[in-house]
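Enquirer: Build me a model:
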Amino acid sequence: MLGVSPAYFVSMYGAHFGPRETAMGLGALSDIGYASFQAEVFSPETLGSWTPSSIRELRAEASAHGLACGAFVAHFLGRPMAELGYARVLELMDQAERSLAAAAELGCRGPWTLPLTAPRAGTEAPALEELLAALAERCAAYGFDLSVELMPGNVLGGLAEFIGLASKPGFEALTLLLDTGHLWVMGEDLSRLPDGLAGKIGAVHLCDNDGVVNLSLPPGRGTIPFRRVIPELGRLGFDGPLDIEVVCPEDQALIAYAEAFEAVSSIVRRRERPIPA
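Expert: Predicted structure coming up:
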């Protein structure tokens, strides 16, 4: 099943999109052939727009187009949680709870995701393990796993550091939102993912770049070896939606997402083609 990351809605409506804009964009996704989407609070100013009535409208629109909701990305909390000390981070937990309540009401089937961003120079790094443990506890109360998205320069590190953390007691349910573009720029080998990720990938963002500039291009426009990446995801037990991420101007969005859909679909079809007897 192919879906889209929240970058689709950012491209179509800007960073201040909310549930109503999300609903507006679903029809075109269905027309292309997508079957799922990730929800997101990208900007803190839009958290208040996730009201019971707007969520009901979004659920109805998704149902009408046969689209499921996968992961819920709390992008708006990434930078504040990377830059505040642990005591102050706890003040943001009420916002995390509000977004978790919205994800539960929407019926999201994937994990609740916190992007781990690069802190600004001179800011106090939070006590990361304590922070994630507190978030994981709140996620569990709403029926979600906690997932993290590793962005370049983040306070945890790369795949090895994630695997190390996820192997510690208390973090058994921690998963990774695997963003191919971020990891490629971070120097990770995507053609052979670590065995330690088996069962630990909660969601994906499939985007392309040249390994130098952290762009989110349609798969096939950069240098990421998607013909190896997609089989690797299957080898590691990931069976969730293959969510495509493209960031582009609004007038190019539908063309880019249609191109990306065909590029990834062709890889999936090639893998599913029966071997002649």
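Enquirer: In CSV, could you pull the C-alpha coordinates for stretch 61-81?
Expert: What follows is stretch 61-81, C-alpha atoms only, in CSV (Å, rounded to 0.1, in the frame of the first residue of the first chain):
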residue,chain,number,x,y,z
GLU,A,61,-13.6,12.6,3.9
ALA,A,62,-10.9,10.0,4.3
SER,A,63,-13.6,7.2,4.5
ALA,A,64,-15.3,8.6,1.4
HIS,A,65,-12.1,8.3,-0.6
GLY,A,66,-11.1,5.0,0.9
LEU,A,67,-8.0,6.4,2.5
ALA,A,68,-6.6,5.2,5.8
CYS,A,69,-4.5,7.4,8.2
GLY,A,70,-1.2,6.0,9.2
ALA,A,71,1.3,7.7,11.4
PHE,A,72,0.7,11.0,13.2
VAL,A,73,3.7,13.3,13.2
ALA,A,74,4.1,15.9,16.0
HIS,A,75,6.5,18.0,14.0
PHE,A,76,5.6,21.1,16.0
LEU,A,77,7.2,19.6,19.1
GLY,A,78,10.6,18.6,17.5
ARG,A,79,12.6,21.8,17.9
PRO,A,80,11.3,22.8,21.3
MET,A,81,12.0,19.4,22.8
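Enquirer: quick check: mean pLDDT across that stretch?
Expert: For stretch 61-81, the mean per-residue pLDDT is 96.
Enquirer: Okay, buried residues for that stretch please.
Expert: By 16 or more other CB atoms under 10 Å, the buried positions in stretch 61-81 come out as 61-62, 65, 67-81. Any C-beta I mention is one placed from the backbone N, CA and C, and that applies to glycine too.
Enquirer: now do stretch 154-165
Expert: Buried residues in stretch 154-165 (16+ other CB under 10 Å): 154-156, 158-159, 162-163, 165.
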